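[1] Provided below for reference: sequence and predicted model.
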Amino acid sequence: MSPESKKLFNIIILGVSFMFIFTAFQTCGNIAQTVITNLNNTDFHGSGYTSMSIIYGVFSASNLVSPSVVAIVGPQLSMVVSGIFYSLYIAVFIQPATWAFYTASVFIGIAAAVLWTAQGNCLTVNSDENTIGRNSGVFWALLQSSLFFGNLYIYFAWQGKTRISESDRRTVFIALTVISLVGTVLFFLIRKREDTKAPGEEDSTNEILGDSSSAENKMMRAVAAFKKSIKLSFTKEIMLLSVTTAYTGLELTFFSGVYGTCIGAVNRFGSEEKSLIGLSGIFIGVGEILGGGLFGLLSKNNRFGRNPVVMLGMVVHFIAFYLIFFNMPNDAPIAPMRGTDDVAYMIPSKEVAIFCSFLLGLGDSCFNTQLLSILGFLYSEDSAPAFAIFKFVQSICAAVAYFYSNYFLLQWQLLIMVVVGFFGTITFFTVEWEAAAALAARGSDYSSI
């Protein structure tokens, strides 16, 4: 197998591993608040929104040190250990206890920071200037396939149910825990840096995938990674891209936790309201997979760069927000266990609700594939710190969004995303134009990015 084939193999294994882990985790996040509101155990007083806020809050803080952790431990082992913590969090739902629920939320926040920093490094090490767009799209499509499988089970298993029983809950979360562990084991199949080098290719001193024989050397690399993270945080490009990244954090919260809860709270959907949560997740996944696959395949032949894809994402999301505003009751995100009988500006339509799920997924893939691509392109030599900053900003905004989701009506949540999304698109355009100008100055072909 040639070095390039080995690198592509690593990208595929990376994507499949994440697909298994996030089949479990994203399905868990999609149904968590609905499951919690149906718990019969009066000793449990947790909130799915609060748990996710803790996860993303800890996640954001942990991104400051995650490059150092990955530098010391190595990306492969970092992803394995992180995957174990994801599995433990999901397992808490088998027999929920408030203290275990919130404690696991803290640990998975730390694990998520390490996992995504290692993922960004692995993606960049196994890509170059010509393949980063393709590999970002392939990884994203595989990752978002996770939305399809878990939610497909939820759709059929919860068909016709208006309440989630203890047996239903345990069956689902035992299965999700096993699926997460399978994804964790698959990380061992990723080949290390020295196994994917071409003959005569030198190791990059800035990459952190290889093993170090010296503990002192590892510590020096950890300190260097931390310093790079701080330094990169104040560069013009990172500060501009942070606005775009902030938007992806807000809309991530909305489509992965809030929108499914809204659908499950609409009593006018009848006995299908709970199973529609699963169907919504499936169509979010279809949008994500379509976008990731399409933009990955077209990246090498895209002479116009990344801006048109981001513009498409903004337009698609704004259409979705407009339709959701008209279709969903304003109190749906914070409705009690009995749901809501309110009507927005039209009689709630299941077809419109599911179509909006597809649009949310498609728009999200537009933004995230292009952010992954431009970060890998601009910071190929400093991938771990750059991706850590990306996840820091995204996760802190997701934490804020999960917190205010406990209190804000639907219209205010949509308005916040519209404002931040508009400015995030403008700032992305600015960075992309500057990258194109820099390439032109070097005499490179713009379509190669």
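    Good, I have the coordinates. Treat the numbers as computed from the prediction; the structure is a model and nothing was measured. Numbers count the residues shown, from 1 in each chain.

[2] you'd agree residue 406 is in a strand?
    No: Residue 406 sits outside any strand when classified using DSSP: H, G, I helix; E, B strand; the rest coil, being coil.

[3] contact partners of the helix or strand where residue 52 lies?
    Assessed by DSSP states H and E, residue 52 sits inside helix 48-62. Applying C-beta atoms under 8 Å, 6 or more residues apart in numbering, the external contacts of helix 48-62 come out as 29, 32-36, 101-102, 105-106, 108-110, 112-114, 249, 253, 257, 261, 391-393, 395-396, 398-400, 402-403, 405-406. To be clear about C-beta, it is placed using only N, CA and C from the backbone, and glycine gets the same treatment.

[4] For the stretch 201-350 of the chain, give me the ranges with low pLDDT.
    201-219, 221-222, 225, 273, 296-304, 337 (pLDDT under 70).

[5] Would you enumerate the residues in contact with residue 425?
    If you count contacts by C-beta under 8 Å, 6+ apart, residue 425 has them with 244, 310-311, 313-314.

[6] Quick check: the gap between it and residue 158.
    According to C-beta to C-beta, to the nearest Å, residue 425 stands 37 Å off from residue 158.

[7] same deal with residue 429?
    Applying C-beta to C-beta, the value for residue 429 to residue 158 is 42 Å.

[8] Please identify which of these two sits among more neighbours.
    The neighbour comparison of residue 429 against residue 158 (other C-beta atoms under 10 Å) goes to residue 158, with 24 against 17.

[9] Just read off the phi/psi values of that one.
    phi -100, psi 10 (degrees, to the nearest 10).

[10] Could you do residue 266 as well?
    Dihedral angles for residue 266 - degrees, to the nearest 10 - are phi -80, psi 100.

[11] Any idea what it is bridged to?
    For residue 266, the beta-bridge partners are residue 340 (DSSP bridges).

[12] and the contacts of residue 425, which two are the farthest apart?
    Farthest apart among these by C-beta to C-beta are 244 and 311. That separation is 12.1 Å.

[13] When those two are compared, which one has more neighbours?
    Per other C-beta under 10 Å, whichever of residue 244 and residue 311 has more neighbours is residue 244, with 29 against 14.

[14] For residue 237, see how far away the more buried one is.
    From residue 244 over to residue 237 (counting by C-beta to C-beta), the distance is 11 Å.

[15] again with residue 79
    27 Å.

[16] More neighbours: which of the two?
    The residue with more neighbours, out of residue 79 and residue 237, is residue 79; 29 against 18, by other C-beta under 10 Å.

[17] In contact with the more buried one, which residues?
    17, 114-115, 118-119, 122, 184, 187.
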